[in-house]
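Trainee: Curious how this folds, go ahead:
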Amino acid sequence: VPTMNMLLSLVALLSAALLANAAPPTCYSRLLSLSKEITESFKELQTSKAVDSCVETLPRLYLDIHNYCVLAKLRDFVAYPRCERVLEVSELKEKARSLYTIMISYCRRDLVFLTDDCGALENPILPPIETS
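Mentor: Below is the predicted model of the structure:
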């Protein structure tokens, strides 16, 4: 009987874990994942050799959705007049426009801005690299 109880407990735990992963994303989680995706795409764009030299002139695009200045950062990036002919930049601008729209309309009540430090979006403090 103790083995059966332990087995039932394990099945219940695994079922709960599967259900947690199957839950639909919240507005906040969507904002967080899209901002990370945009930041990573921008980093890849900056390091890509196949992209036009105009990419070097793009405004920096480190996004922190908890910083109020991110709204201005997104507006400036989307409105940047150069690099329209570079497909990767156009796609990145579309993602940035989507993030901005989601932030100001769909998720505005779910989002809490913890700071308004615009400099932090220009020179982000990176977490220390762990050595093993």
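
Trainee: And the helices in the chain?
Mentor: Along the chain, the stretches classed as helices by DSSP state H are 2-22, 27-47, 70-79, 87-101, 119-122.

Trainee: can you tell me which residue is nearest the centre of the protein?
Mentor: The residue at the geometric middle of the chain, judged as the C-alpha nearest the mean C-alpha position with CA atoms, centre = their mean, is Ser35 (1.8 Å).

Trainee: re earlier: out of the helices of the chain, which comes closest to Arg109?
Mentor: helix 27-47 (8.5 Å; CB to CB). C-beta coordinates here come from the backbone N, C-alpha and C atoms, glycine included.

Trainee: Show me the shaky parts of this protein.
Mentor: Under the criterion pLDDT under 70, the flagged ranges of the chain are 1, 15-24, 50-52, 124-132.

Trainee: Rebuild the helices of the chain as TSV, extending it with distance to Leu58.
Mentor: Below are the helices of the chain laid out as TSV (distance: least, CB to CB, whole Å):
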stretch	distance to Leu58
helix 2-22	36
helix 27-47	8
helix 70-79	7
helix 87-101	7
helix 119-122	13
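
Trainee: Of all those, which one comes closest to Cys54?
Mentor: Distances from Cys54 to each of the helices of the chain were compared by CB to CB, and the smallest falls on helix 87-101, at 7.7 Å.

Trainee: Can you check what angle separates the closest one from helix 27-47?
Mentor: Orientation note: helix 87-101 sits at an angle of 160 degrees relative to helix 27-47 (axes from the mean of the first three to the mean of the last three CA atoms, to 10 degrees).

Trainee: and helix 87-101, what does it pack onto?
Mentor: In terms of contacts (3 or more CB pairs under 8 Å, 6 or more residues apart in numbering; DSSP states H and E), helix 87-101 is packed against helix 27-47, helix 70-79.

Trainee: Can you add distance to Leu92 and give those back as TSV?
Mentor: Formatted as TSV, the entries for the helices and strands packed on helix 87-101 read as follows, by distance: least, CB to CB, whole Å:
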stretch	distance to Leu92
helix 27-47	6
helix 70-79	8
